[in-house]
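Novice: Just need the structure, nothing else, for what follows:
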Amino acid sequence: MQIKDVLLAPGNGAFFYDDQAAIRAGASQDGFVYVSEPVTPDFQSIRVPASSLSVGLVLVDDTVVWGDMMSVQYSGAGGRDPLFETARISDLTSQVVVPRLLDVDVSRYLDACAKIFEPIGRKRLPLAIEYGVSQALLRAAAHLQRTTMAEIVCREFNLPLPTLRVPIYCQSGDARETNVDKMILKAVDVLPHGLINSRQKFGAGGQTFQEFVKWVAVRTREIGHPGYQPVLHFDVYGWIGQEIGLAPQSIADFVCKVADSVPGFTLNIEFPADFGSTQAQIENYAEIVSILDTRGSNARIVVDERCNTLADIRLFAEAKAAHLVQIKTPDVGSIADTVRAVLICKANKVGAYVGGSCTETDLSAQASVHVSVATQADMMLAKPGMGVDEGFSIVGNEQSRLLAILSRRATENIG
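Specialist: Presented below is the predicted three-dimensional model:
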């Protein structure tokens, strides 16, 4: 089964690319717009509408299967690829990737990925290209074999067919209170993210953040159905380290204090501090994790920044430098590497969270669902966008449909 043509279609991501360095430095807001000067290279303004590029593989039976390329919200931060530029990515795809696609057997998914994503000289292709093209190749293999993308993953990696749903995590964006209510009413498994990305939101000594955590717990009890017990997950964008200091003991003390304020809940703290490099992040996060485990705290540390690629994820997992690793799919590149990342986390008894970004698309989100379910990740992000309803619907419904198909498949095999 060969590809006979390749289509490229510019599109939109579901949110915006933001200059994290400028925001962290105290950029002022006017409504939805940041009015200060950008800091990160390639940003012409602090907030840029997210763009994407769809790649369509025209198969010999004239079916067209698609994948979407894009970057993450905080492009260029923490060792990530630079800001996504559609024209540059389109040119590189046309010149380098398309000729490779026209000469590959799409029925062999991992082999196809390996051939198409060979470096140019010694330089790796942009991760956005790997991400989008790997989605399209997975859909092509699924079309050829008349099966789901999840089943292709299971066959290629010798995994059993899954039967269990993967918990879904929603993110609130800046509309925190309204979106928390939405999440609780919809009984979301993990909530609310919180977007604690500025000193104003974190507060002096973390007081504003602590009050928000307690409010979420109280609100869950007030309007949630009886027995509803979500995991509370907050992304603090390094602000514990910035406000409390970078001593692992001090960070662990603060995290324990917050966790103790919401008894009965598991508390995930994502990106508590930025220690400046991958190695420093690993060493200090491992110490924080060890302190929390020794205390028997109900808090868990989630790594995000400086844990981008498959190689990074392996280092963090082997060092036990997190309780949960966010596998940020566009940063990892090929979704075959997302599969490998989940399996590495599981082998090292570290939690695997298949995340991503609000800047993604419906197609990339659906592909991520198949990878998450096939590998039985510990949780996955409701994406794209920041509105709760849309992402939760796209990811939740795709998972429900997939599990219905797999259940039928299991019944057929028994019969």
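Novice: And the next helix or strand past the helix or strand encompassing Ile288?
Specialist: Element membership for Ile288 (DSSP states H and E) is helix 278-295. As assigned by DSSP H and E, the chain's next helix or strand after helix 278-295 is strand 299-303.
Novice: and the angle for that next one with helix 278-295?
Specialist: Going by axes from the mean of the first three to the mean of the last three C-alpha atoms, to 10 degrees, strand 299-303 is angled at 170 degrees with respect to helix 278-295.
Novice: List the contacts of strand 299-303.
Specialist: The contact list for strand 299-303, computed with C-beta atoms under 8 Å, 6 or more residues apart in numbering, reads 233, 235, 255-256, 258-259, 266-272, 281, 285, 288-289, 292, 316, 321-326, 351, 353. Any C-beta I mention is one placed from the backbone N, CA and C, and that applies to glycine too.
Novice: Buried subset of these as a PyMOL selection?
Specialist: Selection of buried members from the contacts of strand 299-303 for PyMOL, criterion 16 or more other C-beta atoms under 10 Å:
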select buried, resi 233+235+255+256+258+259+266+267+268+269+270+271+272+281+285+288+289+292+316+321+322+323+324+325+326+351+353
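Novice: So which of the contacts of strand 299-303 sit within helices?
Specialist: Within the contacts of strand 299-303, residues falling in helices by DSSP state H are Val255, Cys256, Val258, Ala259, Gln281, Tyr285, Ile288, Val289, Leu292, Phe316.
Novice: quick one: buried residues of stretch 56-64?
Specialist: Using 16+ other C-beta under 10 Å as the test for burial, stretch 56-64 gives Gly56, Leu57, Leu59.
Novice: What is the burial count for the closest residue to Glu211 other than its chain neighbours?
Specialist: The shortest distance from Glu211 to any non-neighbouring residue, by C-beta to C-beta, 6 or more residues apart in numbering, is to Gly203 (7.7 Å). Per other C-beta atoms under 10 Å, the neighbour tally for Gly203 reads 17.
Novice: List the contacts of Gly203.
Specialist: If a contact means C-beta under 8 Å, 6+ apart, then Gly203 has Phe209, Gln210, Glu211 as its contacts.
Novice: looking at this, the last one is in a helix?
Specialist: Yes. With DSSP: H, G, I helix; E, B strand; the rest coil as the criterion, Glu211 is located in a helix.
Novice: residues near it, how many?
Specialist: Neighbours of Glu211 (other C-beta under 10 Å): 12.
Novice: quick revisit: what's the distance between the residue nearest to Glu211 and Ala374?
Specialist: Distance, Gly203 to Ala374, by C-beta to C-beta, to the nearest Å: 41 Å.
Novice: do Pro330 as well
Specialist: Pro330 is 19 Å from Ala374, where distance means C-beta to C-beta.
Novice: With Gly276 instead?
Specialist: Separation of Gly276 from Ala374 (C-beta to C-beta) stands at 36 Å.
Novice: So between these two, which is more surrounded?
Specialist: Between Gly276 and Ala374, counted using other C-beta under 10 Å, the more crowded position is Ala374 (27 against 12).
Novice: Isn't that one up against Leu164?
Specialist: No. Ala374 is beyond contact range of Leu164, at 11.5 Å (criterion: C-beta atoms under 8 Å).
Novice: quick one: the strands in the stretch 1-150 of the chain?
Specialist: Ranges of strands in the stretch 1-150 of the chain, per DSSP state E, counting those that start in this stretch, are 3-18, 29-30, 33-34, 47-59, 64-69.
Novice: List the contacts of the nearest residue to Gln135 once chain neighbours are set aside.
Specialist: The shortest distance from Gln135 to any non-neighbouring residue, by C-beta to C-beta, 6+ apart, is to Gly67 (3.0 Å). By C-beta under 8 Å, 6+ apart, Gly67 lies in contact with 54-55, 131-139, 363-364, 367.
Novice: Please apply the same query to Leu164.
Specialist: Contacts of Leu164 by C-beta under 8 Å, 6+ apart are Gln376.
Novice: three-state assignment of it?
Specialist: Quick answer, by three-state DSSP: Leu164 is coil.
Novice: Look up how far Gln399 lies from it.
Specialist: 10 Å.
Novice: same question, Arg295
Specialist: 35 Å.
Novice: same question, Cys256
Specialist: 34 Å.
Novice: can you tell me which helix or strand Val218 belongs to?
Specialist: Here Val218 is assigned to helix 207-223, by DSSP H and E.
Novice: Please parse the protein into its domains.
Specialist: 3-151, 168-414 (automatic domain parsing).
Novice: Span of the shortest one from start to end?
Specialist: It stands for domain 3-151. End-to-end span of domain 3-151 (C-alpha to C-alpha, to the nearest Å): 21 Å.
Novice: what separates it from the chain centre, distance-wise?
Specialist: Taking C-alpha atoms, centre = their mean, to the nearest Å, one finds the center of domain 3-151 at 14 Å from the center of the full chain.
Novice: so what's Ala377 up against?
Specialist: By C-beta under 8 Å, 6+ apart, the contact list for Ala377 reads Val166, Ile327, Val342, Ala352, Tyr353, Val354, Val371.
Novice: run the last query once more with 7 Å
Specialist: Val166, Val342, Ala352, Tyr353, Val354 (C-beta atoms under 7 Å, 6 or more residues apart in numbering).
Novice: Among the residues you listed, which one sits closest to Leu246?
Specialist: Tyr353 (24.1 Å; C-beta to C-beta).
Novice: quick one, what contacts that closest one?
Specialist: Val302, Leu324, Val325, Gln326, Ile327, Ala377, Asp378, Met379.
Novice: pLDDT added to those, as a markdown table?
Specialist: Shown next, in a markdown table, are the contacts of Tyr353 (pLDDT from 0 to 100):
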| residue | pLDDT |
| --- | --- |
| Val302 | 98 |
| Leu324 | 98 |
| Val325 | 98 |
| Gln326 | 97 |
| Ile327 | 97 |
| Ala377 | 98 |
| Asp378 | 98 |
| Met379 | 98 |
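Novice: Could you dump those into TSV and include distance to Arg408?
Specialist: Below are those laid out as TSV (distance: C-beta to C-beta, whole Å):
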residue	distance to Arg408
Val302	35
Leu324	32
Val325	33
Gln326	32
Ile327	29
Ala377	23
Asp378	26
Met379	25
